[in-house]
Each structure stands twice: as structure tokens, then as C-alpha cells.
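Q: Sequence and predicted structure, then a few things I'm wondering about:
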Amino acid sequence: MSLIECRGLARTYRRGPEEITPLDELDLDLEEGRFVALMGPSGSGKTTLLNLLAGIDRPTRGSLVVDGVEVHRLSRSGLARWRSRTIGYVFQLYNLVPVLTAYENVELPLLLHGLPRRERHRRVAAALEVVGIADRRDHRPDQLSGGQEQRVAIARAIVTDPPIVLADEPTGDLDRESATTIMDLLKRLQEELGRTIVMVTHDPRTTAWCDTLLHLEKGRLVEADREVVS
Ligand SMILES: Nc1ncnc2c1ncn2[C@@H]1O[C@H](COP(=O)(O)OP(=O)(O)OP(=O)(O)O)[C@@H](O)[C@H]1O
Ligand SMILES: [Mg+2]
């Protein structure tokens, strides 16, 4: 069985009298443990799809089933709970809270989980260790490089142990060396921790780390499921 199943997934936005449908009738099956590169021209619906998979946005039509859960049927609060258990999200521009330290940024998602302080501390320390930034725990985002900020953002995305990590152009703003560090790190999440990863990317070089290539054109998948390496 697939971990992620989309059937006829569509999202329509209304702007006044105008309607646009950035994602149309999308069918997709992804197995657990994949590292997916999601490519396509600007405006082809990549972020729209990622936001639907994340439960940040809801489909206008169609179904999204993740690990047997009918995500499209969840209530607003049910969706928020499901998201916090299931999804880690990494943004292109890190989205760290500027006044909080690296440690506090990573701890943030755990505050919703009602864990005791000692357990929170254990998990934050482990996540900072995984991304190799434990020595920067007391630095604020403006005291870190772009690559370090993105590593903190990845620690924040994995600190709740989500089975699925979604990343929207995680290397889009980084130089090549930092991008390589981030890609190696995402690969370790897949290989060592068994995470399923879906990454939007414009950079063909980053697909070398992935095992599945998806290409969106005008809201539809073309050449879906072509394997690049295994
Ligand atoms: N909240 C919204 N309201 C109205 N239109 C939207 C909204 N979000 C996205 N769109 C439109 O949907 C289309 C697809 O947007 P999306 O952000 O998914 O593209 P993308 O493939 O991620 O592009 P890029 O590579 O530039 O990030 C665009 O035409 C965009 O303007
Ligand atoms: Mg986008």
C-alpha cells in the first residue's frame, strides 16, 4: 500500500470573478521511504501540491489518503492535530522566529505536544545533533549563516519525529557547498531514519540525491514516477 495516495486532487483559487486551478485532477501514489524531487516551471503548482500534502491547505476536489487516514475529510482541528504528528515542513527561507535562539526555534513545535520539559530537552538536543548544529544552540537566526539557519529549520521539522518531511526549495537560497550539506542531511533522514521526503527543487543537481522524480506542468504530473537512481 502507498503511504501517500492522491486521487483527482484539485485546488481552485477564486480571485473575484476569476478562478484559477493551479492543481488539476492529480493522481499520485508514493511509497514509504521515498526521496522525491518535485520539479516543474514557476507557477506549475508545486507549492500548492506541497501545501495540500502538508495539510496546510485543503483540496477543492479529490482525495488525499496518508497512511490510511482520509486527510481531506478531517475537520480543521483534526487536520491541525494530524499535521503536527505527521508532517515536518522545511521552507525555502527557513521561517525561523528571529527573536528566539536555535534551541527555542526547534523546541517550538514540541510545545503543542504537552511533553514534560526534560523530554523536550532530550528531543531538541537530539534534533540539533542530527543536523550538526548543537554548538550553535544559543545563537539567534541573525547570528547564523543561511546554511546553518536551514539546518535549524530542518531540526525544527524533525523534532516531533514526523514520518513525512516536505521541503519547498530547501537549497534555493544557498551556495553550492551549503546546498550539498543540506542534501546530505535530507538523504540521511531518508536512509537512517526511514523518513519519506518530498522536496520541491529547481536545481537539477539536487535530484542526484533523490530516487523518484516528479514533474508538474500546469497542475498536472508528467513523466510521473520515473526513477532516477536507486
Ligand atoms: N492563495 C492563492 N490565491 C490565489 N492564487 C494562488 C494562491 N496560491 C497560489 N496561487 C496561484 O497558483 C499557481 C501555482 O502556484 P504555486 O505557488 O503552486 O506554483 P509553484 O510551482 O510553486 O511556483 P514557483 O516555482 O514560482 O514557486 C500560480 O499561478 C499562483 O499565482
Ligand atoms: Mg513554489
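A: Ah, there it is. Numbers count the residues shown, from 1 in each chain. Ligands and ions are numbered 1, 2, ... in the order given.
Q: what residues does this structure put near ligand 1?
A: Proximity of the chain to ligand 1, by Cβ under 6 Å from any ligand atom, involves residues 13, 15, 20, 22, 40, 42, 43, 44, 45, 46, 47, 48. For every residue, glycine as well, the C-beta is placed using N, CA and C.
Q: Just the residues you listed: which are in helices?
A: Using DSSP state H, 46, 47, 48 are the members of the residues of the chain next to ligand 1 that sit in helices.
Q: If we only consider those, which is nearest to ligand 2?
A: Comparing those against ligand 2 with Cβ to the ion places residue 47 closest, at 3.2 Å.
Q: And the residues of the chain next to ligand 1, which is the shakiest by pLDDT?
A: Least confident of the residues of the chain next to ligand 1 in the model: residue 15, at 89.
Q: Who are the contact partners of that one?
A: Listed by Cβ atoms under 8 Å, 6 or more residues apart in numbering, the contact set of residue 15 is empty.
Q: related to what we said a few turns ago, in the ones in helices among the residues of the chain next to ligand 1, which residue is surrounded by the most others?
A: Counting neighbours by other Cβ atoms under 10 Å, residue 46 leads these with 25 neighbours.
Q: ok, what's across the strand from the closest residue in space to it that isn't next to it in sequence?
A: In space, and not counting its chain neighbours, residue 46 is closest to residue 200: 4.5 Å by Cβ to Cβ, 6 or more residues apart in numbering. Taking DSSP bridges as the rule, residue 200 bridges to residue 38, residue 168.
Q: ok, now how distant is residue 200 from residue 170?
A: 8 Å (Cβ to Cβ, to the nearest Å).
Q: Mind checking which of these two has more residues around it?
A: residue 170 (27 against 22).
Q: Not counting sequence-adjacent ones, nearest residue to the more buried one?
A: In space, residue 170 is closest to residue 90, 4.9 Å off (Cβ to Cβ, 6+ apart).
Q: related to what we said a few turns ago, which two of the residues of the chain next to ligand 1 have the greatest separation?
A: Maximum pairwise distance in the residues of the chain next to ligand 1, criterion Cβ to Cβ, is 21.7 Å, between 15 and 40.
Q: Strands of this structure, residue ranges please.
A: 4-15, 18-30, 35-39, 61-66, 69-70, 87-90, 164-168, 196-200, 212-217, 220-227 (DSSP state E).
Q: Dump those to TSV, plus distance to ligand 2.
A: Output for those, formatted as TSV (distance: least, Cβ to the ion, whole Å):
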stretch	distance to ligand 2
strand 4-15	13
strand 18-30	10
strand 35-39	10
strand 61-66	19
strand 69-70	25
strand 87-90	13
strand 164-168	6
strand 196-200	6
strand 212-217	10
strand 220-227	16
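Q: Residue 115: which of those is closest?
A: Of the strands of the chain, nearest to residue 115 by Cβ to Cβ is strand 87-90, at 16.4 Å.
Q: which residues sit against that closest one?
A: With Cβ under 8 Å, 6+ apart as the criterion, strand 87-90 contacts 53-56, 150, 153-154, 156-158, 160, 162, 164-168, 170, 195.
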